[in-house]
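Asker: I would like to see how this sequence folds:
(one chain, ligands or ions: 1)
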Amino acid sequence: MRRPMIAGNWKMNTDLASGTELAKGLASHVAGKDSSVDVLVCPPFPYLQAIKEAVGDSGISVGAQNCYFEESGAFTGEVSVDMLQDIGCDWVILGHSERRHVLGECDGTINKKTKAAIEKGLGVVLCVGELLEEREADKTGEVLDTQMKGGLADVSEADLSKIIIAYEPVWAIGTGKTASPEQADEAHAHLRKWLSSNYSESAAEAMRILYGGSVKPSNAEELLGQPNVDGALVGGASLTVDNFGPIIDAGRTK
Ligand code: PGA
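Answerer: As a prediction, this is how the structure comes out:
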């Protein structure tokens with residue numbers, strides 16, 4: 001059985017006051033409910049420590065949206081894995097499509113970051129997903145294979161337990177368009193097959209694969225109802241308790 005995870009990617013949103021309020025609201029939302037779902041929030045760097053404090057002992061984990069692969073030194077503007085762990089981060093999102101397509105990150109860089117994180121025990125939410133033109137050209141499988149191969153190069157099977165994959169079709173991110181439950185499940189099944197061929201059947205079975213792209217309360221339950229969908233990585237709808245709360249609750253029904 002794979003434990004569901006509902007993760008919120010706040011992107012470059014919130015400020016100290018609103019982020020703290022959101023975190024406290026989420027902590028109250030989960031209080032007293034069964035803990036059969038992992039909940040993760042990923043605020044912007046400057047607020048990580050405050051949000052960690054605000055979620056307190058609610059069981060909600062806090063993660064960053066990026067990190068750098070070097071340990072320390074002259075890397076102006078970068079944040080190391082040690083720094084994230086120092087302030088209590090358990091996870092980092094890597095390879096998000098906005099980093100790939102807006103900030104120009106390639107699979108090689110994402111791989112270095114992935115290895116740097118897992119070496120220190122920082123969990124990685126590794127994002128993969130195709131562009132609209134790639135889907136329309138029937139290249140979804142090929143793109144996913146390339147991103148998996150690139151992102152996971154030299155990652156051992158044992159280390160896969162520190163990684164979660166997030167399938168996020170780029171055409172569905174922030175667009176209001178959601179992959180249909182069948183499209184999501186098909187892509188997740190493809191990723192699982194890749195893991196089975198490149199690692200093992202048991203590694204593929206154990207891997208949690210989250211769906212991301214316009215997840216909202218109205219579609220969460222149906223998406224999460226798919227056999228290969230183990231949770232959600234949520235952007236826009238993770239910014240209010242009213243939206244993110246019901247998505248967390250939908251994760252409990254898995
Ligand atoms: P969205 O973003 O839910 O706003 O589409 C998802 C993501 O980019 O992780």
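
Asker: need the residues of the stretch 101-250 of the chain near the ligand, please.
Answerer: Those residues of the stretch 101-250 of the chain that sit near the ligand, judged by Cβ under 6 Å from any ligand atom, are 168, 173, 174, 212, 213, 214, 215, 233, 234, 235, 236, 237. C-beta coordinates here come from the backbone N, C-alpha and C atoms, glycine included.

Asker: what about 8 Å?
Answerer: For the stretch 101-250 of the chain, the residues in contact with the ligand (Cβ under 8 Å from any ligand atom) are 127, 166, 168, 172-175, 212-216, 233-238.

Asker: I'd like to know which of those residues are buried.
Answerer: Buried by 16 or more other Cβ atoms under 10 Å: 127, 166, 168, 172-173, 212-216, 233-238, out of these.

Asker: give me the residue from the protein nearest the ligand.
Answerer: Here the chain gets closest to the ligand at one residue, residue 235, 2.3 Å apart by Cβ to the nearest ligand atom.

Asker: sorry, back to before: tell me which two of the buried ones among the residues of the stretch 101-250 of the chain next to the ligand sit farthest apart.
Answerer: Farthest apart among these by Cβ to Cβ are 127 and 216. That separation is 18.7 Å.

Asker: And stretch 126-144, end to end?
Answerer: 12 Å (Cα to Cα, to the nearest Å).

Asker: about what we covered before: of the residues of the stretch 101-250 of the chain next to the ligand, which belong to helices?
Answerer: Taking DSSP state H, every one of these sits outside helices.

Asker: Spell out the residue ranges of the helices in the stretch 51-200 of the chain.
Answerer: 81-86, 97-101, 107-119, 132-136, 140-151, 181-198 (DSSP state H, counting those that start in this stretch).

Asker: can you map out the strands along the stretch 1-150 of the chain?
Answerer: Listed in chain order, the strands of the stretch 1-150 of the chain (DSSP state E, counting those that start in this stretch) span residues 5-9, 38-42, 61-64, 91-94, 123-128.

Asker: what would those strands look like in JSON lines with mean pLDDT?
Answerer: Below are those laid out as JSON lines (pLDDT from 0 to 100):
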{"stretch": "strand 5-9", "mean pLDDT": "98"}
{"stretch": "strand 38-42", "mean pLDDT": "98"}
{"stretch": "strand 61-64", "mean pLDDT": "98"}
{"stretch": "strand 91-94", "mean pLDDT": "98"}
{"stretch": "strand 123-128", "mean pLDDT": "98"}
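
Asker: Same list (the ones you listed) but as TSV, adding distance to residue 197.
Answerer: As requested, the strands of the stretch 1-150 of the chain are arranged in TSV below (distance: least, Cβ to Cβ, whole Å):
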stretch	distance to residue 197
strand 5-9	24
strand 38-42	27
strand 61-64	29
strand 91-94	22
strand 123-128	16
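
Asker: That'll do, ta.
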